[in-house]
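Student: predicted model and sequence follow; I will ask about them next.
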Amino acid sequence: MLTKGKVHGIIANLVIVNVYGPVSQNEICLISHDNTKLMAEVIKVSRDQAFVQVFESTRGLRVGSDVEFTGSMLEATLGPGILSRKYDGLQNDLDKLEGVFLKKGEYNFPLNEDEKWEFTPVVEAGNMVEAGSWLGEVIENWLPHKIMVPFKFSGSYNLKWIADKGFYRISEVIAVLTDESGKQYDVTMVQKWPVKLPVKAYKNKTRPFRIMETGVRVIDTLNPMTEGGTGFIPGPFGCGKTVLQHALSRQADTDMVIIAACGERANEVVEIFKEFPELIDTRTGRKLIERTTIIANTSNMPVAAREASVYTAMTIAEYYRSMGLKILLLADSTSRWAQALREMSNRMEELPGPDAFPMDLPAIISNYYSRAGYVELVNGSTGSITFIGTVSPAGGNLKEPVTESTKKAARCFYALSQQRSDSKRYPAIDPIESYSKYLEYDEVIEYISANISSHWHENVTRARDVLMRGREAHEQINILGDDGVPIDYHIRFWKSEVIDFVILQQDAFDKIDCVTPLERQKYMLDKVLEINDTEMKFSSFEETASWFKKVINLYKQMNYSPFESEKFNSYQKELDKMLKDISEI
Amino acid sequence: MTEKKAFQKVYTKLTRITKATCSVKATGAGYDELALVNGRLAQVVKIIGDEVTLQIFSGTEGVPTNAELIFLGRAPSLKVDDDLAGRFLNAYGEPIDGGPALSGKDREIGGPSVNPVRRMQPSQLIATGIAGIDLNNTLVTGQKIPFFADPDQPFNQVMATVALRAEADKIILGGMGLSNDDYLYYKNVFENAGALERIIAFINTTENPPVERLLVPDMTLTAAEYFAVEKREKVLVLLTDMTLYADALAIVSNRMDQIPSKDNMPGSLYSDLAKIYEKAVQFPDGGSITIIAVTSLSGGDITHAIPDNTGYITEGQLFLRRDTEIGKVIVDPFRSLSRLKQLVIGKQTREDHSQVMNSAIRLYADAANAKTKLENGFELSDYDERTLRYAREYSEKLLAIDVNIDVNTMLDTCWMLFGKFFSKEETAIKNDLVKKYWPEQPVK
Ligand SMILES: Nc1ncnc2c1ncn2[C@@H]1O[C@H](COP(=O)(O)OP(=O)(O)OP(=O)(O)O)[C@@H](O)[C@H]1O
Ligand SMILES: [Mg+2]
């Protein structure tokens, strides 16, 4: 029998419930209110009282209202039909909700119960299977969606029966398993998994080694992300976190993209809703929406569901990873999630940590990031979740708890700089502060040498050095004045500017420039390094500046032209000539 | 406030009184419900068992333990219908213009959010004639954007100008902690423009208790939703000054012993502000709510929790700054940003808009560098000299808030300045555009 309770106290969306029976931490309960039921999650139990966070506004709620506990934690519903959908943080299908405004206590089933899927079995009866084993396949949009032994099954089972190839609804039994004692279990095409627990149905997690191409030069060339890697983008407001994440979601070389819009602007999700059904994924020729799932819990939606949203997104990612796919998971902004935790912790009058965030914030963040990764599945194939979150540091100060905790958990650091953003040097990723730890991985270096070029790693290091030296020269020029330094300083500074303008800066809103394939990135890096290696002499710093401005302008024109097009090549010729002339002086 | 029904139970024993709240033993109260405490409006903020804690909007000064407390059985609401147009109301939605009581239907304020999949992408340009806005930071219906300005900047004047030029069906003003002079200023400007029938105002002045301000944004937006949803109108909401709103939030949360986060602001400041600003929306059937707000700064500090959280919520911000060179207030092109501008520039405006805007600002930035050089006693190059002369004209002809021209004229002015001071390469604009728009004869 499920436990019942009654509302005893209400402080905003924290409700104290007198419980008449056992309850568990994180159990979901439903609070009766005006003919609706409000969903809530147990976040603390103290004697016979449960403290629950309500995923809705509690306006009008009264003491004494009935509460039913459900016996389960917050669970994601996993099965074919998740792709292309728009969910809220609790995985309600937003398209199914009626009316312009969201209504309190309205929940729905996240999948389509009536749709029939063509199921093709991939194992035969008599085989031994375990959680995560692939039983069959349906085609979702374009994606071979594996129907698996549910993650909740522990140990191994005998596959007693499996359905023939044919059309089935998700709730129909497609396999029967028996355990050691002969007990039978029905398996359908849907399963549930508690979002706050990591899915562990894989053999092992290995170090990432393969570069995930994003088309963003400052990432791919200088701070590469790997399949199964983690990274974060901290930056003051307006510096380009969201624009960068959107670029990644459109361009990254990945099978599926899951976007968790967590406590940010609704208009930003609307932009995705509008563009993704129109934009084409150039690698596959399919519409972007066909590979994307969006979890939208925007800043005006219930705060407690904000926390749930990042977990719901991660669980969906883990489900698809178990099918042997590479998944890119993006969350904007993880700071809003941390703030949701803070609001609740304050209401519960817990002892606060730095900046009033909960004490265990670092642990919560690192647990979350650790769910990403590259895994070897039970059948030997591989899958990955690459996770990139944004962080919105208060006052733009990177020494605040969320940024610091995240820095410990994520391997890539894409620091957006206010200064770069102010001077419209987009994307405003600071080339000196930022890093990708993956550049130090032997397996990544090996992969790069084998797949991109044997000089690539060395070239990247050189480019970084040029930038560093350029910055130093610039500082000297600023202190001593244009005339107070040798012209060589100006040359050094301008050589770094070439890398800045040509490689680092990229116009996210230009059709051509927005995405640069690795092949082209390699070409451009070679080209700018060529300039860097050219000895040159100028008679004045003004002459230096004006020569380099011309060079930069030509390069920019190249960036705006299709690769190896007539225009592109003619700019290249012009550049070559300039370079030849200058080196002959 | 007189609102009393025969069957209502009257409580006469307060168990606790603090600076902002009082408590009473009572059953059956709903969360967020309104009550009257000796005629003062109060709202339920906490219920534990049979103890109900209420926040009294006008403060607890002089409230006795035997005050009469009556629950009103409803959350704060506003009477809405078409007759709202032209009215001046207080924070409770009661007339302060001497006109008749409101007669519309009661609608709870702070209502539900729009389902994100039912929103339309904002796409309609709002022309203000001010180049610092239209050229560099183009506004779009359904957008939310604040002015960040020190208290001595003329933000109320600029906002009134923008409002009147914006061609909105309704302008709804939410005044929080407005000085009486500024209140009268708005009233006059709207009256003189013959726009009164398009105006609705909810006014909390410095003379009213600060906590009452907390109702103003929700009142304003409830009225806005009525006209935007039911009448499909283009509604422009003006909120001034949101810093004073946030200060009132801090007063309440401090008095209720909540743990403050940065700058003594409540930990929920982000969510509190987002709930207001996210009411800006473009509805599918034509109605829209655009929010232009004022967030006053202290000493230009935008890292303070109020502007900082605001910046994370709104779709850009507009900075006002006095340009001492030309002796005028300008819209600062460096720190100002309209995030939605790319939805309209080059689409509803000329193709060269984006590139011209960027180059013009970059050259202006070069001028700022040259100025620093000059101040540090360094010699200026010819290029530096040219940028300085350019910057002066750019500021005068385009950035100053007294400019009133259309977008094409703004673009042409930029090209004219480019041609006057720079070479084609120095502008670094795409060749195709240079070919098409570069002024034939350099203007001297
Ligand atoms: N790569 C880019 N190219 C051109 N413009 C850009 C680029 N990145 C950012 N911008 C400009 O900066 C604005 C703000 O970017 P964005 O919305 O991504 O900021 P954010 O860091 O997510 O801010 P917030 O924390 O407030 O959400 C954009 O609207 C756009 O005008
Ligand atoms: Mg953002």
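Tutor: Received it, and whenever you're ready, just let me know what you need. Ligands and ions are numbered 1, 2, ... in the order given.
Student: which other helices and strands contact the host helix or strand of residue B:188?
Tutor: Element membership for residue B:188 (DSSP states H and E) is helix B:180-192. On a contact count with 3 or more C-beta pairs under 8 Å, 6 or more residues apart in numbering or on different chains; DSSP states H and E, helix B:180-192 meets helix B:155-165, strand B:170-178, strand B:199-205. The way it works is simple: take the backbone N, C-alpha and C, and place the C-beta from them, glycine included.
Student: which residues outside the next helix-or-strand element following the shortest one are in contact with it?
Tutor: Yep, that's strand B:199-205 we're talking about. Toward the C-terminal end, the helix or strand that comes next after strand B:199-205 (DSSP H and E) is helix B:216-225. Identification of contacts with helix B:216-225 by C-beta atoms under 8 Å, 6 or more residues apart in numbering or on different chains yields B:76-78, B:80, B:84, B:89, B:91-93, B:107-111, B:170, B:172-176, B:200, B:202, B:204, B:235, B:237, B:239, B:242, B:245, B:276, B:279, B:289.
Student: redo that, cut-off 6 Å
Tutor: Applying C-beta atoms under 6 Å, 6 or more residues apart in numbering or on different chains, the contact partners of helix B:216-225 are B:78, B:84, B:91, B:93, B:107, B:109-110, B:172, B:174, B:176, B:200, B:202, B:204, B:235, B:237, B:239, B:276, B:279, B:289.
Student: tell me the contacts of the one residue in the stretch 151-300 of chain B that gets nearest to ligand 2?
Tutor: Residue nearest to ligand 2 within the stretch 151-300 of chain B: residue B:274 (12.3 Å; C-beta to the ion). Contact partners of residue B:274, counting by C-beta under 6 Å, 6+ apart, are A:299, A:300, B:313.
Student: again, 8 Å this time
Tutor: By C-beta under 8 Å, 6+ apart, residue B:274 lies in contact with A:263, A:299, A:300, B:313.
Student: again, but for residue B:366
Tutor: By C-beta under 8 Å, 6+ apart, the contact list for residue B:366 reads B:383, B:384, B:387.
Student: the last one reaches residue B:362, doesn't it?
Tutor: Just to be clear, that refers to residue B:387. No: using C-beta atoms under 8 Å as the test, residue B:387 is too far from residue B:362 to be in contact (10.0 Å).
Student: these two: which is more packed in?
Tutor: Per other C-beta atoms under 10 Å in any protein chain shown, whichever of residue B:387 and residue B:362 has more neighbours is residue B:387, with 26 against 18.
Student: state the number of residues packed around residue B:373.
Tutor: 18.
Student: tell me how chain B divides into domains.
Tutor: The record's domain parsing of chain B by automatic domain parsing lists B:10-71, B:77-338, B:353-437.
Student: in stretch B:264-275, what's buried?
Tutor: Using 16 or more other C-beta atoms under 10 Å in any protein chain shown as the burial criterion, the residues of stretch B:264-275 that qualify are B:265, B:266, B:267, B:268, B:269, B:270, B:271, B:272, B:273, B:274, B:275.
Student: that one vs ligand 1: in contact?
Tutor: No: counting by C-beta under 6 Å from any ligand atom, ligand 1 has no neighbours in stretch B:264-275; the shortest distance is 10.9 Å.
Student: what's the end-to-end length of that stretch?
Tutor: Using C-alpha to C-alpha, to the nearest Å, the span of stretch B:264-275 from its first residue to its last is 20 Å.
Student: mind checking pLDDT for whichever residue of the stretch 1-150 of chain B sits closest to ligand 1?
Tutor: Nearest residue of the stretch 1-150 of chain B to ligand 1 (C-beta to the nearest ligand atom) works out as residue B:137 at 9.5 Å. What the model reports for residue B:137 is a pLDDT of 95.
Student: cool, residue B:443 as well?
Tutor: Listed pLDDT for residue B:443 reads 52.
Student: what's near enough to touch residue B:50?
Tutor: Applying C-beta under 8 Å, 6+ apart, we find residue B:50 in contact with A:63, B:25, B:26, B:27.
Student: make it 6 Å
Tutor: Residues counted as contacts of residue B:50 (C-beta under 6 Å, 6+ apart) are B:25, B:27.
Student: which intervals of the chain have sub-threshold pLDDT?
Tutor: Reading this off chain A. Within chain A, the segments meeting pLDDT under 70 span A:585.
Student: let's do chain B instead
Tutor: Within chain B, the ranges that satisfy pLDDT under 70 run B:1-7, B:441-444.
Student: closest to residue A:231 out of the buried residues of stretch B:264-275?
Tutor: Within the buried residues of stretch B:264-275, proximity to residue A:231 (C-beta to C-beta) peaks at residue B:270, which comes in at 23.7 Å.
Student: residues near residue B:412, how many?
Tutor: For residue B:412, the count of nearby residues is 17 (other C-beta under 10 Å).
Student: and the helix or strand containing it, what does it pack against?
Tutor: Taking DSSP H and E as the criterion, residue B:412 maps to helix B:407-421. Here helix B:407-421 touches helix B:353-375, helix B:382-394, going by 3 or more C-beta pairs under 6 Å, 6 or more residues apart in numbering or on different chains; DSSP states H and E.
Student: buried residues, that helix. List them.
Tutor: B:407, B:409, B:410, B:411, B:412, B:413, B:414, B:415, B:417, B:418, B:419, B:421.
Student: so what touches stretch A:136-149?
Tutor: A:80, A:83, A:117, A:119-122, A:129, A:131-135, A:189, A:290, A:323.
Student: recalculate using a threshold of 8 Å.
Tutor: With contacts defined as C-beta under 8 Å, 6+ apart, stretch A:136-149 is touched by A:80-84, A:117-123, A:129-135, A:157, A:162-163, A:174-175, A:177, A:187, A:189, A:191, A:201, A:255-256, A:284, A:286, A:290-291, A:322-325.
Student: restricting to C-alpha, output it in PDB.
Tutor: The C-alpha coordinates for stretch A:136-149 follow below in PDB (Å, rounded to 0.1, in the frame of the first residue of the first chain):
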ATOM      1  CA  GLY A 136      15.700  -5.500 -31.400                       C
ATOM      2  CA  GLU A 137      15.600  -2.400 -33.400                       C
ATOM      3  CA  VAL A 138      13.000   0.200 -34.600                       C
ATOM      4  CA  ILE A 139      13.700   3.100 -36.900                       C
ATOM      5  CA  GLU A 140      13.100   6.400 -35.200                       C
ATOM      6  CA  ASN A 141      13.200   9.200 -37.700                       C
ATOM      7  CA  TRP A 142      16.400   7.800 -39.300                       C
ATOM      8  CA  LEU A 143      18.100   6.400 -36.200                       C
ATOM      9  CA  PRO A 144      18.300   2.700 -35.500                       C
ATOM     10  CA  HIS A 145      16.700   2.800 -32.100                       C
ATOM     11  CA  LYS A 146      17.700  -0.300 -30.000                       C
ATOM     12  CA  ILE A 147      15.100  -1.900 -27.800                       C
ATOM     13  CA  MET A 148      17.100  -3.000 -24.800                       C
ATOM     14  CA  VAL A 149      16.700  -5.100 -21.700                       C
END
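Student: by proximity to ligand 2, which residue of chain B wins?
Tutor: Closest residue of chain B to ligand 2, C-beta to the ion: residue B:312 (7.6 Å).
Student: so who does that residue touch?
Tutor: Residues near residue B:312 by C-beta under 8 Å, 6+ apart: A:237, A:392, B:270.
Student: do residue B:277 as well
Tutor: Residues near residue B:277 by C-beta under 8 Å, 6+ apart: B:144, B:291, B:293, B:310, B:313, B:314.
Student: nearest residue to the middle of the chain?
Tutor: Using chain A here. Nearest to the geometric centre of chain A sits residue A:330, at 1.8 Å (C-alpha atoms, centre = their mean).
Student: hmm, no, I was thinking of chain B.
Tutor: Chain B has residue B:293 as the residue nearest its centroid, 1.1 Å off, counting by C-alpha atoms, centre = their mean.
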